[in-house]
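Engineer: Need coordinates for the following:
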Amino acid sequence: MFKYQCAGCGQAIPTSCAGCAAKIASCLPPHCDDAVVALSYEGLVRELMLGFKYNNQRAVAAMFADRLHETLRTIPEIGCIDVVTWVPTTRERRMERGHDQAETLARKLGRLLNVPVRKLLVRETVGHQTGSSRAKRLVGVSLRARKLSVPTSVLVVDDVVTTGATMRMAKQALWLAGAARVVCAAVAATPAPVQRR
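Structural biologist: Got it, this is the predicted structure:
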């Protein structure tokens, strides 16, 4: 059986780490104006997310999706969602990592919600935001949405929210495409600048 080293605790395991899952389950969700967020992007959560994104440790996707699902269940809008989509990464990043982490999360979340998952957003910005300055991140990425034939309630999923600009762009693009309602959700959000150490 294939095993990987948990980015959180270093244990060699075949699936997501139960110990790390229990630790993040006890975390309170941070406040974020632009999205429903399950976890703060620091400490153990950051280590697990980095393993997921950069070391192909996809087993943690189920753990992250479960945690986000639990958080989403606390908002009334979640019962009205017609379709789940995601903020796409660049083609370059997808090829480099072997998957689009936001798509992986969206597909798992769609199964938990029993809602179809569709690619509705197209990334028009060339390049990625990793390592960009906060000023550049505040601009976000340019997104367009595929036209929706009927008014639709859409859940947009991403892995980490930094400034919220990308979520705002996704929401705007989907409204222009005919969405009736857009709910944005992310596994984690970076702490506010004043809270960073």
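Engineer: so where's this structure shaky on pLDDT?
Structural biologist: Scanning the chain for pLDDT under 70 picks out 1-4, 7, 13-16, 125-140, 192-197.
Engineer: how about the strands in it?
Structural biologist: Assigned by DSSP state E, the chain shows strands spanning 4-5, 12-13, 36-40, 83-86, 121-123, 143-145, 152-161, 179-189.
Engineer: want to throw the ones you listed into TSV with distance to Leu68 and mean neighbour count?
Structural biologist: Where C-beta positions appear, they are placed from N, C-alpha and C, glycine not excepted. Below are these laid out as TSV (distance: least, Cβ to Cβ, whole Å; neighbours: other Cβ atoms under 10 Å):
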stretch	distance to Leu68	mean neighbour count
strand 4-5	21	16
strand 12-13	21	13
strand 36-40	5	24
strand 83-86	11	24
strand 121-123	18	18
strand 143-145	20	20
strand 152-161	8	24
strand 179-189	5	23
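Engineer: between the ones you listed, which gets nearest to His69?
Structural biologist: Smallest distance to His69 across those (Cβ to Cβ): 8.6 Å, for strand 36-40.
Engineer: Check which helices and strands the closest one sits against.
Structural biologist: helix 59-72, strand 179-189 (3 or more Cβ pairs under 8 Å, 6 or more residues apart in numbering; DSSP states H and E).
Engineer: TSV for the ones you listed, including distance to Gly51?
Structural biologist: Shown next, in TSV, are the helices and strands packed on strand 36-40 (distance: least, Cβ to Cβ, whole Å):
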stretch	distance to Gly51
helix 59-72	7
strand 179-189	13
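Engineer: Let me know whether Cys184 touches Ala170 as I believe.
Structural biologist: Yes - Cys184 is within contact range of Ala170, at 6.6 Å (criterion: Cβ atoms under 8 Å).
Engineer: Between those two, which contacts overlap?
Structural biologist: 156, 158 (Cβ atoms under 8 Å, 6 or more residues apart in numbering).
Engineer: can you give me how far stretch 80-88 is from the chain middle?
Structural biologist: Relative to its parent chain, stretch 80-88 has a centroid offset of 11 Å by Cα atoms, centre = their mean, to the nearest Å.
Engineer: Equivalent analysis for stretch 102-115, please.
Structural biologist: With Cα atoms, centre = their mean as the basis, stretch 102-115 stands 10 Å off its chain's centre.
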